[in-house]
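Colleague: heads up, no residue letters with this:
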């Protein structure tokens, strides 16, 4: 579970990179070049070729953004499902391990009770049992608290990163819409088609860079996730170390009572 957040983070970066790669089409002239080919009908003035096909270009780019945004949302759900499944698997393993540990402790307690001969020794054994069981309860509670805190924190970072990525994609589409709206207006006003195309590409280039910068900033959540994982490890270690310290002291006290 500690590493799953980083795996999700890497996959998120890969997916957003795919989205960005596709959106690179926004700033290239390749998809628009055919409208300048000599094979186009001569009925459209040469300086208005781009304007005559502007809706086709807009629709193509819209479709790309829609498809890749849908894939991004699908990946988000897949990551969540996988993360939840791993957590459930870990929860089951922890529960099973605790059952086994409970059984082993009971076996130890039984042997200790058999070995106690005097009332003082029997009292010492029961004190040891009570101390250890209290320590177990404290340890398990600390682990549960740490696990829940880790889960909440990782979920928060995961959701924040996806939300920011989706917001960046939405902002890209908004900028794209504004760029094409301006292009349509210029076309309707009789602005030279080449000028419209040049201006449109410049606007889309700015939008693309803004998207790239926004996606890059989401990488900060990966660093936060690392800190959360390290804190989780530290919390678990603290719970175990405190448990061991209590049990060790109780064991020494019991040995002294039993004359060992």
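Modeller: Sure thing, it's come through. Keep in mind that what you see is a predicted model, and the values were worked out from it rather than measured.

Colleague: residue 190 versus residue 83, what's the distance?
Modeller: 56 Å (CB to CB, to the nearest Å). Bear in mind the C-beta positions are built from the backbone N, C-alpha and C, glycine included.

Colleague: what's the separation between the residue nearest to residue 54 when sequence neighbours are not counted and residue 77?
Modeller: With sequence-adjacent residues excluded and distances taken as CB to CB, 6 or more residues apart in numbering, residue 54 is closest to residue 183, at 5.7 Å. Going from residue 183 to residue 77 by CB to CB gives 35 Å.

Colleague: try residue 99
Modeller: 33 Å.

Colleague: please apply the same query to residue 198.
Modeller: Counting by CB to CB, the gap from residue 198 to residue 77 is 40 Å.

Colleague: so between those two, which is more surrounded?
Modeller: Applying other CB atoms under 10 Å to residue 198 and residue 77 shows that residue 198 carries more neighbours, namely 13 against 10.

Colleague: relative to residue 145, how far out is the more buried one?
Modeller: In terms of CB to CB, residue 198 sits 60 Å off from residue 145.

Colleague: and what of residue 199?
Modeller: Using CB to CB, residue 199 is found at 58 Å from residue 145.

Colleague: more neighbours: which of the two?
Modeller: Between residue 199 and residue 145, counting by other CB under 10 Å, residue 199 is the more crowded of the two (15 against 12).

Colleague: what's the helix or strand for the more buried one?
Modeller: Using DSSP states H and E, residue 199 sits in helix 193-217.

Colleague: and that helix, what does it pack onto?
Modeller: helix 4-23, helix 49-52, helix 119-188 (3 or more CB pairs under 8 Å, 6 or more residues apart in numbering; DSSP states H and E).

Colleague: pLDDT on that helix, on average?
Modeller: Helix 193-217 carries an average pLDDT of 92.

Colleague: distance from the chain centre to the following helix or strand past that helix, please.
Modeller: Following helix 193-217 in sequence order, the next helix or strand is helix 220-258 (DSSP H and E). Mean-position distance between helix 220-258 and its chain equals 27 Å (CA atoms, centre = their mean, to the nearest Å).

Colleague: all set now, cheers.
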